[in-house]
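1. pasting the structure only:
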């Protein structure tokens, strides 16, 4: 498998530290609210990477953290008048629910920053002892210029970065507010402020810097050198750059051999922001579209490419997924309970060719777009041979379709909606109430939700009738 390595800016053959094993660290969300649709892209993309490596026989140690101490969490807690731990635990639970809906498998380990503070303090101590860090009035800074390779991931020149800070640094020094030795130095440990959570440390009560958290958690749960470190491209600088500097300065080893970054997600060709009114949570989007459609849409473009989220494009993804579902249902009916061991030589040959093309696409830097095209080739072949294929051939085709779709986290045969009649009736009652209150938007949402679950509503003079389709 070849991976585009952000560090070298070229595709490289994947060679893990330990043959047959892969240690992957993916930066997770800061848990102060429901995750948004932009958070979903790296979750889906790198879950697919994990699935593909396991499909190819690797034993994968997949670690993705929750940042559960942060200014945004503290601000939210103060707004609600509760403890910051209550906020973080609430939204970790909500995040896991959304991940499950998107068929993102739980990580091998989901470390939380607040539970790893002693190890963070130890790393800061090591950096100070090695001359890479210093303390000023309870704040510990990393000496950026003490790490000669700073900028190697983002391909930024440290002198260019310094010139960008020159005016700012001059202003700070004139005002007497600057405590850093160099304006490029970044925070490893920050002193507590009134009303904030804190931990005891050799430098006083405080909490770790964001960059430090990932360095410590990735080392603890994977090791000194990661196979792959991944995340959104917005994390390349300064977060991942700073992780490299402090990790390699402290540990004396390469931090990660491969760096993978997914492209940005836009909404109708605009950057997602609350001010533009185009900020959507995963929970909101999944009320409008089946989560499997969202996942299928996210994988319809190569992960490094920018992706535009628009209703027309998501509808196209829904139609594509429907084609796969329809073919799988037909094959399931045709197979009639037999297995594919007795499939014809021609069918086996076709399926082997399809599997190879799928693997080739995924081996080419996780090109899920081309891999999906191969699934459609299999669907086309199944449709063309629908009348002539023996049950064993249908079973073999269904097994291959299901296996390859599962690598992408897609269910070839859609799962049963799992809704009880009482659940359906309750939603219909809510829809009726919304219509009486002239809340037609909510009424339409409920109708759409039920349709996604395979429940068709029909308004009649006698009331609302429904049926499963």
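-> Arrived safely. Keep in mind it's a predicted model, so treat the numbers as computed, not measured.
2. quick one: the strands in the stretch 1-150 of the chain, in order.
-> Assigned strands in the stretch 1-150 of the chain, in chain order: 2-5, 10-13, 21-26, 59-64, 133-136, 139-142 (criterion: DSSP state E, counting those that start in this stretch).
3. what lines up beside the last one in the sheet?
-> According to DSSP bridges, strand 139-142 forms sheet pairs with strand 133-136 (antiparallel), strand 186-191 (antiparallel).
4. below-threshold pLDDT in the protein: ranges please.
-> 163-178, 415-422, 468-469 (pLDDT under 70).
5. if you set the cut-off to 50 instead, what comes out?
-> Residue ranges of the chain with pLDDT under 50: 167-177, 417.
6. report the longest helix in it, please.
-> If you go by DSSP state H, the chain has its longest helix at helix 311-335.
7. run through who's touching that helix.
-> Applying Cβ atoms under 8 Å, 6 or more residues apart in numbering, the contact partners of helix 311-335 are 289-290, 292-294, 296-297, 300, 372, 375-376, 378-379, 382-383, 386, 389, 391-392, 394-395, 397-398, 401-402, 405, 410, 412-414. For glycine as for every other residue, the C-beta is placed from the backbone atoms N, C-alpha and C.
8. on that earlier part again, so which of the strands paired with strand 139-142 is nearest residue 108?
-> For the strands paired with strand 139-142, the distance to residue 108 is smallest for strand 186-191, at 26.9 Å, taking Cβ to Cβ.
9. just give me how far that closest one sits from the chain centre.
-> Between the centre of strand 186-191 and the centre of its chain there are 27 Å (Cα atoms, centre = their mean, to the nearest Å).
10. list the contacts of that strand.
-> With Cβ under 8 Å, 6+ apart as the test, strand 186-191 has contacts from 120-121, 124, 127, 133, 135, 137-142, 144, 201, 203-209, 211-212, 238, 242, 246.
11. which of these are buried?
-> Among these, the ones that count as buried by 16 or more other Cβ atoms under 10 Å are 120-121, 124, 127, 133, 135, 139-142, 144, 201, 203, 206-209, 211-212, 238, 242, 246.
12. now, those that are in helices?
-> 120, 121, 124, 127, 211, 212, 242, 246.
13. could I get those residues as CSV with distance to residue 463?
-> Formatted as CSV, those follow (distance: Cβ to Cβ, whole Å):
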residue, distance to residue 463
120, 61
121, 65
124, 67
127, 70
211, 59
212, 61
242, 62
246, 65
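14. so which two of those are the farthest from each other?
-> Maximum distance among these (Cβ to Cβ): 17.7 Å, for 121 and 242.
15. which secondary structure state does residue 254 sit in?
-> In three-state terms, and counting by DSSP: H, G, I helix; E, B strand; the rest coil, residue 254 is coil.
16. my read: it touches residue 225, true?
-> Yes - with contact defined as Cβ atoms under 8 Å, residue 254 and residue 225 form a contacting pair (5.1 Å).
17. which one's more surrounded, these two?
-> residue 225 (17 against 14; other Cβ atoms under 10 Å).
18. the more buried one: what's it in contact with?
-> By Cβ under 8 Å, 6+ apart, the contact list for residue 225 reads 17, 253, 254, 255, 256, 257.
19. ok, residue 339 next?
-> The neighbourhood of residue 339, defined by Cβ under 8 Å, 6+ apart, consists of 392, 395, 399.
20. with secondary structure, neighbour count and distance to residue 429 added, can I get those residues in CSV?
-> Listed next are the contacts of residue 339 as CSV, based on DSSP: H, G, I helix; E, B strand; the rest coil; neighbours: other Cβ atoms under 10 Å; distance: Cβ to Cβ, whole Å:
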residue, secondary structure, neighbour count, distance to residue 429
392, helix, 19, 48
395, helix, 24, 43
399, helix, 18, 42
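21. just the closest of the residues you listed to residue 310, please.
-> Out of the contacts of residue 339, the member with the shortest distance to residue 310 (by Cβ to Cβ) is residue 399, at 34.8 Å.
22. roughly how far does the closest one sit from residue 323?
-> Distance of residue 399 to residue 323, given as Cβ to Cβ, to the nearest Å: 18 Å.
23. which parts of stretch 347-362 are buried?
-> Applying 16+ other Cβ under 10 Å to stretch 347-362 flags 347, 350, 351, 354, 357, 358, 359, 361, 362 as buried.
24. quick check: closest non-adjacent residue to the second one.
-> Meaning residue 350. In space, and not counting its chain neighbours, residue 350 is closest to residue 381: 6.0 Å by Cβ to Cβ, 6 or more residues apart in numbering.
25. isn't residue 94 up against residue 32?
-> No - Residue 94 is not in contact with residue 32 according to Cβ under 8 Å; the separation is 10.8 Å.
26. of those two, which one has the most company?
-> Set residue 94 next to residue 32 and count neighbours by other Cβ under 10 Å: residue 32 wins out with 20 against 17.
27. you'd agree the more buried one is up against residue 68?
-> No - assessed by Cβ under 8 Å, residue 32 is found out of contact with residue 68, at 9.1 Å.
28. anything in contact with each of the two?
-> Counting by Cβ under 8 Å, 6+ apart, the residues touching both residue 32 and residue 68 are residue 88.
29. got a list of what the spatially most central residue of the chain touches?
-> For the chain, residue 43 is the residue whose C-alpha lies nearest the centre (Cα atoms, centre = their mean; 1.3 Å). With contact taken as Cβ under 8 Å, 6+ apart, residue 43 is in contact with 26, 35, 64, 99, 102, 104.
30. if we use 10 Å, what do you get?
-> The contact partners of residue 43, by Cβ atoms under 10 Å, 6 or more residues apart in numbering, come to 26, 28-29, 35, 64, 95, 98-99, 102, 104, 262, 282, 295, 298.
31. hey, where'd the helices end up in the stretch 51-200 of the chain?
-> Using DSSP state H, counting those that start in this stretch, the helices of the stretch 51-200 of the chain run over 71-80, 84-101, 117-129, 158-175.
32. tell me the buried residues within the contacts of residue 225.
-> Of the contacts of residue 225, these count as buried by 16+ other Cβ under 10 Å: 255, 256, 257.
33. export these to TSV and tack on distance to residue 336?
-> Below are the buried ones among the contacts of residue 225 laid out as TSV (distance: Cβ to Cβ, whole Å):
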residue	distance to residue 336
255	54
256	50
257	49
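34. and of those, the nearest to residue 455?
-> Distance ranking of the buried ones among the contacts of residue 225 against residue 455, using Cβ to Cβ, places residue 256 first at 46.8 Å.
35. picking that back up, show only the entries of the buried residues of stretch 347-362 found in helices.
-> Cross-referencing the buried residues of stretch 347-362 against helices under DSSP H gives 347, 350, 351, 354, 357, 358, 359, 361, 362.
36. this completes my enquiry, with thanks.
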